[in-house]
Structures are given as structure tokens and as C-alpha cells.
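**Q** here are the coordinates; sequence isn't available:
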């Protein structure tokens, strides 16, 4: 059986749910607020508690699914079907048009009508349910010629984007078919025509069909009430921003450059719900860390930072809205959203109104740091008036994070003109009317360790006699030996492998039999822990030296030498900005991983232990530095960390 189609719901704290508090069994009688529960113990004693008081919710028995049983090709195929069938699956096609639409959709997809009917019937609300039960890969996608494409666009501009507002079917029947016949070209199918209309900028459509006043009003509504913002987490926006501020390292307090913030904001309430602040380059891993932070409860995490604030946001989003930057288009995010029954939507280029909340918030953050020491300014005019930011910089990254939290705290507790209330009040208003609960709280995410790994960059690898290889490094373990022995009859089978770029000394291989990630460490006894950026910098330095053969042992040796040189330079007080930034980046990675581990450890019961494995790792010498490369089907995220 392939991956199950229902969503892993996680923890739900509602009336009637059994929990333990201080190891005492209790039942939630009533949910009073976002973090306030009235519970009844077996002794009939009642008590008011918060989430931090609840030990281990016992009522959840949701199975963990093999999310990565889907390959990158299957994910792409599912979304190809979704793009064609979306008008039908979302109710945009009337009952009378359904039969014709399915026939035309079959032509676009290259299948017969019966196949389309079966897929539609099997649709469960998850995009991945559009795949065939047997899991066949994608068939070739047909593309229109340039002549047909240009004529289609011209017909839409001339006959659809007009003031009398004709229906799409009218334009198709009365204009498109005739115009294509005159041109001697085969007309596009109805599904393609609907897809092209759906891809139009809605503001431009309103202006063309209803006039500039309606377009202006629509823009104002869009900037204030996002079209997908129906409830908390119905749609969130994610983006990154380079701080207009130089920070210093936490040891010598010398400048190390500008940090980068990846932020997630709920469009219903304007609530920031998660972030990742670092010195890392942009990439899929930063996006994954920000989303992971957004889905978790914040109480334990804030306590570890020593911050007192109410920030009751958690849960899986229904839609993530991002721009077209490549770190937001990888298969990692798309597959994650598909498997929590959500959708990743990349907004069109040059349409900033589709990211209004996140851009407004970054504007607020930019204004909040203009007066801070080390401010760089946000434009040439401001920079000309400011002192040298490297000379005035005094905040460490940790101190800047505390300042960021103070800005978030002020924002969520300040009345917003569009909402007519504070973002925190708006968030709460969906769940409570006074003291009466009117909607269920978001599901609390269970098994955070599993989800943390799901949000790491991934690749696909076959299992070799030496284990698995990613870049130049080889990894192996007892669990991996057992996994490849169980699948010895299918040596070409690929397995999902994930890694945390902040520490590539271990990778996580998905075991589809036990439904767990296996932690697999370096195989070489000469190994040394490093980040992906350390690995790449070391390899680049060796290449510049003209070294012809570069393997993992050369990387390990060179990295050890780099560390010694950095320590020598640091002790001589002739440090560089780059060296200080690298050391601070490493400290931040260690601190962040400790905090994540604390949140994961305190989130609930551990994952189920896989069945015992009694196959020891054979003691064999490490493989040669250039073994036959395993068949690899890398995803986008492998290249864009």
C-alpha cells in the first residue's frame, strides 16, 4: 500500500480529550482561551491549566505516514493534473459542462475520459490523491506552438477582457473556435482556456471588465483583506529580508555583517507566526526552519530565551503563499504542503500586492532599526547620512533576536487600522466570542522530530554496499545495513535522504518499512563535524590550490587545518570580518539546534521505535575516494540550501 491520503492531524486539545497533568490523568472539560483549559481529575477536582502544565496528550492515535514514498516525478505529475482539473475540483464548472470538460481535460492530459473520471472520483481533497493507485510516473506534457499561444492571448484580450463581461464559455464557443478555424490552427481544449484565464492577474481582469474604480477598490480590499484569509492559518505568507543593520560577534563584539530574517505571517490576523534569524545564505533550509518554528507552540521556546510574551500561534497552514524565489519553489515545501493537505502557491512576478502583509511587516521592521547602532539605512540617501555602520555596530545576533521579539510583541498587541483591533485579538476572535468557544483551536502538531526532518532539504539515493553518499561524504549505520538487506532484491530502488545544512555529519534516511527516519552518521573515522557552507568553502579552497583529486578525507584534513588557522588568527587579534562571521554562524547554529531539540523533546511522546534489528554493521575498510557514483535523482533542494 502506498502513502495514505489522510492528514496527520497531531494533537487536539478540545473538551473531552484525556490528558495527564503532573502524571495525573485528567479530562479537558472546557477550552476557555488559546492557552487556558479547565480540566477535571479522576478525583473530581477541577483546575485551570495552561498548555505548559499538560504532560502527555493520550487521545491521539493518528498514524505516521510515509510521506516521502512519493518521488519528485510523482509530485510534479500530481500538480500537473491539479492545474488542469482545478476548475472542476473547485466547483467552477457547472454540472452541464462537466462531461465536455472531462473529455477536453483528457486530451490535455493524454488519457481517455474514463481515466479522468476515475481520478476525479478518487480525489480526496489532497493534490496527491490525483495520482493513479499504481503510482505510474508522469506522461509527457503537451505544449502549444508559439502561433497558437499568441492567438489565444490575443483572443482573451480582445473578447474576454472587455466591459460587457462575457462568460468564458461564450468566448470559447463564439470567438476562440472561430478565430482558430480562420487561422487554420487547432484550437486549445476548454481546460487549457480555463487555465489561461485563471492565470490572469485578477486586478487586471477587474480593471478591464469592470473599470478603474472597481480595480482601485479591489486593490484596497486585497491589501487589507487578503483573498485567501478566511480563518487563522487558511493562508500564510513567507519571505526573507536582509536586515538594514550590521551586527557584531558575541565574543569580541566586532562587526560581522548583516543578518537575514525569514518570516512567516498569518494573513487573516496579520500575526507573525514564525521566523528564522541567521547569518546563513537564503535557501530551502531557512524556509524550512521558519515554517517549523511557525507550526510549533512558542511557550517553551520563549522560556528558553527568557522572554515573557503571549504568542499563542501554532498549527499547520492550509496555504503557503510565497514569491518565485527558487528557495520557495523546491519540492521540499511543495511536498510538505501536499502531505498536510495544504497548497504551496507561488505568486506571480511583479505582483507585490499578493504579498502585502509580509512586505508591510518588513517595512515596519526596517523602520524599527533605523535608530539602532549599526544601522545601514535602506537606500543611498539614508546611507549617506549615517555613520559607518561597522564602527557603530554593537548588537549581537542574539540581542537583535530579543529586539525582534519586542517588535513582534508590540505589533501583535497594537490596534491595526484595517482590522479594527490588535492582531492578537483578531486571532482570538475566530476561536472565542467573549468567553465562549465558537471554533476549535488549531491541531497541535504531534511528533515534532518527524516534522523537523520533513522540512529539511532532501535528495533521493540508492543504497550501496558502502551506505549512501551525498556530495563527497559517505554515511552508514547498522539500521541502514538492515534496510538495504531487506531491499536487496530491488537495488535500483531510491530512498529519501535529508540533512540539516548546519551539521552535515549525519543524514536522515526514510525507512518505508518502519515509517521512521534513520539517523546515519559519517562512515570515515577521520571525519569532523562541519556545516554545508564549511564543506563548500573547504572544497573551493582545495580547488584553488590546484588539487586534482578531492575526496572526503582531503575535505576533513583541510577543514581541520582551517580551524587551526582560524584559532591562530583569532588569538593574534588579526581577525577578519569573514572569520568572525563564520565563528558566530557556527555558535548560532549550535544554539538554534539546542533550542529546536528542547522544543522537540518537550513536545510529547517519542516516535514509535522500529522493530528490532539484529544485523551488525560489517567491519570493512572505507570505500575508495571515487567509487562508482550511485544513481541519483536529486531534487531542487539539494542544490539550493
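**A** Arrived safely, thanks for sending. This structure is a prediction, so every number in the text was calculated from the model and none was measured. Numbering: from 1, shown residues only.
**Q** State the distance from residue 511 to residue 292.
**A** Using C-beta to C-beta, to the nearest Å, one obtains 21 Å as the distance from residue 511 to residue 292. Just so you know, the C-beta spots here come from the backbone N, C-alpha and C atoms, and that holds for glycine as well.
**Q** same thing with residue 158?
**A** Distance of residue 158 to residue 292, given as C-beta to C-beta: 48 Å.
**Q** likewise residue 430?
**A** Using C-beta to C-beta, which is the criterion applied here, residue 430 is 23 Å from residue 292.
**Q** The two - which one has more neighbours?
**A** With other C-beta atoms under 10 Å as the criterion, residue 430 and residue 292 differ in neighbour count, and residue 292 comes out ahead with 24 against 17.
**Q** I figured the more buried one hits residue 596, correct?
**A** Yes - look at residue 292 against residue 596 with C-beta atoms under 8 Å: they come within range, at 7.5 Å.
**Q** ok, residue 413 - contacts?
**A** By C-beta atoms under 8 Å, 6 or more residues apart in numbering, the contact list for residue 413 reads 422, 424.
**Q** That one and residue 419, how far apart?
**A** 12 Å.
**Q** contacts for stretch 160-167?
**A** The set of residues that contact stretch 160-167 without belonging to it, under C-beta under 8 Å, 6+ apart, is 159, 168, 171, 174, 197, 200, 204, 205, 208, 209, 210, 211.
**Q** 6 Å - rerun?
**A** With C-beta atoms under 6 Å, 6 or more residues apart in numbering as the test, stretch 160-167 has contacts from 171, 208, 209.
**Q** tell me which residues in it are buried?
**A** 160, 161 (16 or more other C-beta atoms under 10 Å).
**Q** and the end-to-end length of it?
**A** Using C-alpha to C-alpha, to the nearest Å, the span of stretch 160-167 from its first residue to its last is 8 Å.
**Q** Strands of the stretch 301-450 of the chain, residue ranges please.
**A** Using DSSP state E, counting those that start in this stretch, the strands assigned to the stretch 301-450 of the chain run over residues 319-322, 343-346, 432-433, 436-437.
**Q** Ok, which of those comes nearest residue 282?
**A** Proximity of these to residue 282 was assessed by C-beta to C-beta; the nearest stretch is strand 319-322, lying at 12.0 Å.
**Q** domain assignment for this structure?
**A** By the record's domain assignment, the chain is partitioned as 17-55, 72-130, 146-223, 236-437, 459-599 (the TED database).
**Q** Kindly reformat those as a markdown table and extend each row with distance to residue 446 and mean pLDDT.
**A** As requested, those are exported to a markdown table (distance: least, C-beta to C-beta, whole Å; pLDDT from 0 to 100):
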| stretch | distance to residue 446 | mean pLDDT |
| --- | --- | --- |
| domain 17-55 | 13 | 80 |
| domain 72-130 | 19 | 81 |
| domain 146-223 | 35 | 84 |
| domain 236-437 | 11 | 84 |
| domain 459-599 | 13 | 85 |
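**Q** ranking the ones you listed by burial, who's on top?
**A** domain 236-437 (a mean of 19; mean count of other C-beta atoms under 10 Å).
**Q** Quote the end-to-end distance of that domain.
**A** Separation of the first and last residues of domain 236-437 by C-alpha to C-alpha is 23 Å.
**Q** What separation do you get for residue 85 and residue 91?
**A** Spatial separation of residue 85 from residue 91 under the definition C-beta to C-beta is 12 Å.
**Q** let me fix that: residue 49
**A** Computed with C-beta to C-beta, the distance linking residue 49 and residue 91 is 43 Å.
**Q** Tell me where the stretch 151-300 of the chain has strands.
**A** Taking DSSP E, counting those that start in this stretch as the test, the strands found in the stretch 151-300 of the chain are 236-242, 247-248, 255-257, 260-266, 272-278.
**Q** Output the contacting helices and strands for the third one.
**A** When contacts are defined as 3 or more C-beta pairs under 6 Å, 6 or more residues apart in numbering; DSSP states H and E, strand 255-257 sits against helix 577-601.
**Q** Pull the residues that contact the helix it packs on.
**A** Residues outside helix 577-601 that contact it (C-beta under 6 Å, 6+ apart): 249, 254, 256-257, 279, 296, 300-301, 304, 397, 448-449, 502, 566.
**Q** now swap in stretch 494-504 and tell me
**A** Contacts to stretch 494-504, defined as C-beta under 6 Å, 6+ apart, come from residues 68, 285, 453, 456, 458-462, 468, 507-510, 529, 531-532, 589, 633, 641.
**Q** for the strands of the stretch 301-450 of the chain, which one sits closest to residue 560?
**A** Taking C-beta to C-beta as the criterion, residue 560 comes closest to strand 319-322 out of those, the separation being 39.0 Å.
**Q** Mind giving me the packing neighbours of the closest one?
**A** Under the contact criterion of 3+ C-beta pairs under 6 Å, 6+ apart, the helices and strands touching strand 319-322 comprise strand 236-242, strand 343-346.
**Q** Listing partners with orientation, what would you give for that strand?
**A** Using DSSP bridges, the strands paired with strand 319-322 are strand 236-242 (parallel), strand 343-346 (parallel).
**Q** Output those in TSV; the columns should cover distance to residue 22.
**A** Supplementary listing: these in TSV, determined by distance: least, C-beta to C-beta, whole Å:
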stretch	distance to residue 22
strand 236-242	35
strand 343-346	41
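**Q** Residue 442 is nearest to which of these?
**A** Proximity to residue 442, assessed across these by C-beta to C-beta, is greatest for strand 236-242 (11.9 Å).
**Q** okay, the angle between that closest one and strand 260-266?
**A** 160 degrees (axes from the mean of the first three to the mean of the last three C-alpha atoms, to 10 degrees).
**Q** Check the offset of strand 236-242 from the chain's centre.
**A** Offset of strand 236-242 from its chain centre (C-alpha atoms, centre = their mean, to the nearest Å): 11 Å.
**Q** what do you get for stretch 278-295?
**A** Stretch 278-295 sits 8 Å away from the centroid of its parent chain (C-alpha atoms, centre = their mean).
**Q** Stretch 439-449 now?
**A** What separates the centre of stretch 439-449 from the centre of its chain is 17 Å, taken as C-alpha atoms, centre = their mean.
**Q** Then stretch 460-474?
**A** Centre-to-centre, stretch 460-474 and its host chain are 25 Å apart (C-alpha atoms, centre = their mean).
**Q** How about stretch 182-200?
**A** Between the mean C-alpha location of stretch 182-200 and the chain-wide mean there is a distance of 33 Å, by C-alpha atoms, centre = their mean.
**Q** ends of it, how far apart?
**A** End-to-end distance (C-alpha to C-alpha), stretch 182-200: 25 Å.
**Q** same check, this time on stretch 506-525
**A** Counting by C-alpha to C-alpha, the length from the leading to the trailing residue of stretch 506-525 is 13 Å.
**Q** when you give positions from now on, start the count at 708
**A** Happy to do that; since the first residue is 708 now, the last one works out to stretch 1213-1232.
**Q** host element of residue 790?
**A** helix 779-796 (DSSP states H and E).
**Q** Show me what the helix or strand that comes right after that helix is packed against.
**A** From helix 779-796 onward toward the C-terminus, using DSSP H and E, the following helix or strand is helix 802-816. Helices and strands in packing contact with helix 802-816 are listed as helix 779-796, helix 820-828, helix 897-905; criterion 3+ C-beta pairs under 6 Å, 6+ apart.
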